[in-house]
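1. starting from these lines, generate the structure:
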Amino acid sequence: MQCNVGKTEQVIRITIGSAIVLAGVYYKKWWGLIGIAPIVTGTTRYCPMNAVLGISNCKANGKS
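-> Numbering: from 1, shown residues only. From the prediction side, this is the model:
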């Protein structure tokens, strides 16, 4: 897997994912588990949907 999530996007994904999980815990709802997806894609810096769409925000080897 090649990096396709940039640093800024990584922080945003982890923040939003954490907020969704915490809201799910607070309201005691199962939908909070949806927040795991952005957390995982943020920490691994790879998003399958970005790969399908050909989007890469990761600066690697001088590429933008």
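2. distance-wise, check the closest residue to residue 39 other than its chain neighbours relative to residue 56.
-> Closest residue to residue 39 apart from its sequence neighbours, by C-beta to C-beta, 6 or more residues apart in numbering: residue 17 at 3.7 Å. For glycine as for every other residue, the C-beta is placed from the backbone atoms N, C-alpha and C. For residue 17, the distance to residue 56 equals 20 Å [C-beta to C-beta, to the nearest Å].
3. so which of these two has more stuff around it?
-> Counted by other C-beta atoms under 10 Å, residue 17 and residue 56 do not tie: residue 17 has more neighbours, with 20 against 17.
4. that's a helix at that one, yeah?
-> Yes. Secondary structure assignment (DSSP: H, G, I helix; E, B strand; the rest coil) places residue 17 inside a helix.
5. contacting residues for it?
-> 35, 36, 37, 38, 39, 40, 42 (C-beta atoms under 8 Å, 6 or more residues apart in numbering).
6. read off the pLDDT value for it.
-> Looking at residue 17, its pLDDT reads 98.
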